[in-house]
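Undergrad: turn this into a model:
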Amino acid sequence: MPGWNRLRKDRIAILSIWFLALVTLAGLFAPVLAPHDPTDTNILQKYAGVSLTYPLGTDQLGRCVLSRLLYGIRTTMLAAVLTMCITMFIGTILGLVAGFFRGKVDGALMRICDVMLSFPAEVMILAVVGIMGPGLFNIILANVLAKWAWYTRMIRSSVLQYTNEPSVQFAKVSGGSPFYILRKHLFPRISGEIAVFATLDAGWVILNISALSFLGLGVSAPTPEWGMMLNEAKNVMVTHPAHMLPPGLAILFVVMALNFLGDSLQQVMNPAMHLTNKKGGRRFAFHRDKKSVRT
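TA: Numbers count the residues shown, from 1 in each chain. Predicted coordinates:
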């Protein structure tokens, strides 16, 4: 597998994979690793400093910060994974159908996507959560509604690139059913791009989930969640600024790892792609048939 061999040589990608794996395992084994119950309060121990009993101290209610941080992985990562799985499933199905069948089906789906994409994603998410109320399910639903149209259009574009390839045309001439062609010829070709899209956008989803919880529109108390921990810490930002560091750094490092991994996967899936710097910014150049297209 040449793609995996190239990925193994990328130290940043390997470090990102290991870091995300450790974070995921820490969330799965939170009941074992957490020194305390994340919802237990002890007013007598509020704002306790770092100690063996409380490795990261306690918050305004005397709850263990480390325990809430570990259990918060479950909430944040679960919501992000579910959001990406549902969004990618809808976008992949509709994108394959639109790109393969074309005609009226493609036209109708693209017009619906145009309507959905006319609304800014953040505004739509705030509107949906504001109408339906806070909660994990509503957050996931809002993020799916905001992104499925974008994924449908992107995957449709990828499908259009492969529909005229000889192997696909031969399968059509040979009498292969549309389902067979989609499953055996088109989906394997776009699976790499789907993985890149999902990895890069997972960080965006985590930021949205945390931002909604920070604004009080996300997960309800006392469920531990990184954005909610930041919301609670902001009230004592002047007197106890260190309380913002654990959830803030957790969000920062996880999003960075996802973005680095997504960039590495993008280069693996497109070997001719190289990274260029222009005016201090990062731009990816895709070279196809001696022509470059910058995104």
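Undergrad: now the helices: where do they sit in the stretch 151-295 of the chain?
TA: Counting by DSSP state H, counting those that start in this stretch, the stretch 151-295 of the chain has helices at residues 166-173, 178-181, 187-214, 226-234, 245-269.
Undergrad: in the fourth one, what's buried?
TA: Same thing as helix 226-234. 226-233 (16 or more other Cβ atoms under 10 Å). In this view, the C-beta of every residue, glycine as well, is placed from N, C-alpha and C.
Undergrad: run the chain-centre distance for that helix.
TA: On the basis of Cα atoms, centre = their mean, to the nearest Å, helix 226-234 sits 20 Å off its chain's mean C-alpha point.
Undergrad: so for it, mean pLDDT?
TA: The predicted model assigns helix 226-234 a mean pLDDT of 88.
Undergrad: repeat for the third one
TA: Along helix 187-214, the predicted confidence averages to a pLDDT of 86.
Undergrad: now stretch 161-181
TA: The model assigns stretch 161-181 a mean pLDDT of 79.
Undergrad: restricting to C-alpha, output it in CSV.
TA: Extracted in CSV, the C-alpha atoms of stretch 161-181 (Å, rounded to 0.1, in the frame of the first residue of the first chain):
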residue,chain,number,x,y,z
GLN,A,161,-14.1,13.0,-12.4
TYR,A,162,-14.4,9.2,-12.5
THR,A,163,-17.6,8.5,-14.4
ASN,A,164,-15.8,8.8,-17.8
GLU,A,165,-12.9,6.5,-16.9
PRO,A,166,-12.5,3.4,-19.1
SER,A,167,-13.2,0.9,-16.3
VAL,A,168,-16.5,2.7,-15.4
GLN,A,169,-17.6,2.9,-19.0
PHE,A,170,-16.7,-0.7,-19.6
ALA,A,171,-18.8,-1.7,-16.6
LYS,A,172,-21.8,0.3,-18.0
VAL,A,173,-21.4,-1.3,-21.4
SER,A,174,-21.1,-4.8,-19.9
GLY,A,175,-24.5,-4.4,-18.3
GLY,A,176,-23.4,-3.7,-14.7
SER,A,177,-26.2,-2.4,-12.5
PRO,A,178,-26.0,1.2,-11.2
PHE,A,179,-25.7,-0.2,-7.7
TYR,A,180,-22.8,-2.5,-8.7
ILE,A,181,-20.9,0.4,-10.5
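Undergrad: residues in contact with it?
TA: Stretch 161-181 is contacted from outside by 99-101, 184-186, 189-190, using Cβ atoms under 8 Å, 6 or more residues apart in numbering.
Undergrad: ok, now with 6 Å
TA: 185-186, 189 (Cβ atoms under 6 Å, 6 or more residues apart in numbering).
Undergrad: of those - the most surrounded one?
TA: In terms of neighbour count, Leu186 stands highest of those at 24 neighbours, by other Cβ atoms under 10 Å.
Undergrad: can you give me the buried ones in stretch 154-162?
TA: So, applying 16+ other Cβ under 10 Å, buried residues of stretch 154-162: 154-156, 158-159, 162.
Undergrad: same check, this time on stretch 253-262
TA: With burial defined by 16+ other Cβ under 10 Å, the residues of stretch 253-262 counted as buried are 254-255, 257-262.
Undergrad: and for stretch 129-149?
TA: Using 16+ other Cβ under 10 Å as the test for burial, stretch 129-149 gives 129, 134, 136, 138-149.
Undergrad: now the two most distant members of the buried residues of stretch 154-162.
TA: Greatest spacing in the buried residues of stretch 154-162, by Cβ to Cβ: Met154 and Tyr162 (13.9 Å).
Undergrad: quick one on the thing from earlier: dump the contacts of stretch 161-181 to JSON lines, plus distance to Thr87.
TA: Formatted as JSON lines, the contacts of stretch 161-181 follow (distance: Cβ to Cβ, whole Å):
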{"residue": "His185", "distance to Thr87": "24"}
{"residue": "Leu186", "distance to Thr87": "19"}
{"residue": "Arg189", "distance to Thr87": "20"}
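Undergrad: ok, residues contacting stretch 122-130?
TA: For stretch 122-130, the external contacting residues (Cβ under 6 Å, 6+ apart) are 138, 142, 146, 217.
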